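Trainee: Based on what follows, work out the 3D shape:
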Amino acid sequence: MSRRLLGALIVTAWAVFFDYLWASGDALRYVGPRTSWVVPFGAISLSLAAVAALSGAVRATGARASGRDAAGSLLTLSPIALVLVLPAASLGAQAASVKDAPDAARSITGRAVARHTPLTLADVAAANVSADFAKRRGVLPGRRIAIKGLVSRAPSGGVLRLTRFTSSCCAADALAFHAPVKLPPAQIRKHYTIDQWLAIEGKLARAPKGGLIIEATQATPIPEPDNPYEAI
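Mentor: The predicted structure follows:
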């Protein structure tokens, strides 16, 4: 095999990989919403490059690929192999315990806020570590809230922990934000499992031990969203 054909096959392999991510809808398992544009861009540009490279390699002749060339090609393709061999990034309760950076909520308390836009789960988490943020953002008792998240701690005494992730780049830099949710009396006896996604409607209230808690009027099981990340 010529070096040129080997190079063309490497480009083709990467093109197929990006095409798969784009077509399968699994891109957000590996890259965050802000960088998800690289997947369709990579799929289109690499596919065009692969067609051109293969066309040129088939017609051309040149030096044969050496063992060193083959080793370099395997190294270049190793990220694809890792993605195919390892399971997709899981954004569940186990990941929440790993990505639960102590300063995650504090990291967003200094940002500029719009007081009257809908609250996020991250807003509640930040309000529970910063009274100033809570005041500026309007995360106060009595305010209505509608959020989605996954159960990362099973209900105890009618209260469960809801979690949502944010990401700047990819799954590797995802951070977990949590908020306690008090279930409605009619739903306390329902069985909620770890990693189950819920749509919560309710209002904020003071928790008995301090901080804010979401008093739910409705907790509805939902499928995992196509985009598991929350925008902040």
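Trainee: Can you list the residue ranges for strands in the chain?
Mentor: With strands called from DSSP state E, the chain shows them at 144-156, 159-166, 175-182, 197-206, 212-222.
Trainee: Quick one: list the elements packing against the fourth one.
Mentor: Applying 3 or more CB pairs under 8 Å, 6 or more residues apart in numbering; DSSP states H and E, one finds that strand 197-206 contacts strand 144-156, strand 175-182, strand 212-222. (Glycine included, C-beta is placed from N, CA and C.)
Trainee: So for Leu119, which of these sits nearest?
Mentor: Evaluated with CB to CB, the helices and strands packed on strand 197-206 place strand 144-156 nearest to Leu119, the distance being 4.9 Å.
Trainee: Show residues contacting that closest one.
Mentor: With CB atoms under 8 Å, 6 or more residues apart in numbering as the test, strand 144-156 has contacts from 91-93, 96-97, 118-121, 124, 160-164, 176, 178-179, 183, 188, 192-204, 214, 222, 224-225, 230.
Trainee: Would you list the buried entries among the residues you listed?
Mentor: Taking 16 or more other CB atoms under 10 Å as the criterion, what is buried in the contacts of strand 144-156 is 91-93, 96, 119-121, 124, 160-164, 176, 178-179, 183, 192, 195-198, 200, 202, 204, 214, 230.
Trainee: returning to that earlier point: the strands of the chain: which one's closest to Thr109?
Mentor: Among the strands of the chain, the nearest to Thr109 by CB to CB is strand 175-182 (11.9 Å).
Trainee: mind checking which helix or strand of the chain has the lowest mean pLDDT?
Mentor: When each helix and strand of the chain is scored by mean pLDDT, DSSP states H and E, helix 93-98 comes last, with a mean of 56.
Trainee: Would you mind splitting this protein into its domains for me?
Mentor: For the chain, automatic domain parsing gives the domain ranges 3-85, 93-222.
Trainee: Return the most buried member of those domains.
Mentor: Of all the domains of the chain, domain 93-222 carries the top mean neighbour count, a mean of 17, counting by mean count of other CB atoms under 10 Å.
Trainee: Identify the bridge partners of Ile200.
Mentor: Ile147, Ala219 (DSSP bridges).
Trainee: thought it was touching Leu162?
Mentor: Yes: proximity of Ile200 to Leu162 meets the contact threshold set by CB atoms under 8 Å, at 6.5 Å.
Trainee: what is in contact with the two at once?
Mentor: Ile147, Gly149, Val181, Ile214.
Trainee: quick one: contacts for the nearest residue to Gly149 once chain neighbours are set aside?
Mentor: Closest residue in space to Gly149, ignoring its immediate chain neighbours: Leu162 at 3.9 Å, by CB to CB, 6 or more residues apart in numbering. Residues near Leu162 by CB under 8 Å, 6+ apart: 121, 147, 149-152, 178-181, 198, 200, 214.
Trainee: switch the cut-off to 7 Å
Mentor: Residues in contact with Leu162 (CB atoms under 7 Å, 6 or more residues apart in numbering) are Leu121, Gly149, Val151, His178, Ala179, Val181, Leu198, Ile200.
Trainee: Let me have those residues in TSV, extended by pLDDT.
Mentor: Formatted as TSV, those follow (pLDDT from 0 to 100):
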residue	pLDDT
Leu121	92
Gly149	92
Val151	92
His178	89
Ala179	91
Val181	95
Leu198	94
Ile200	95
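Trainee: I am finished for the moment; much appreciated.
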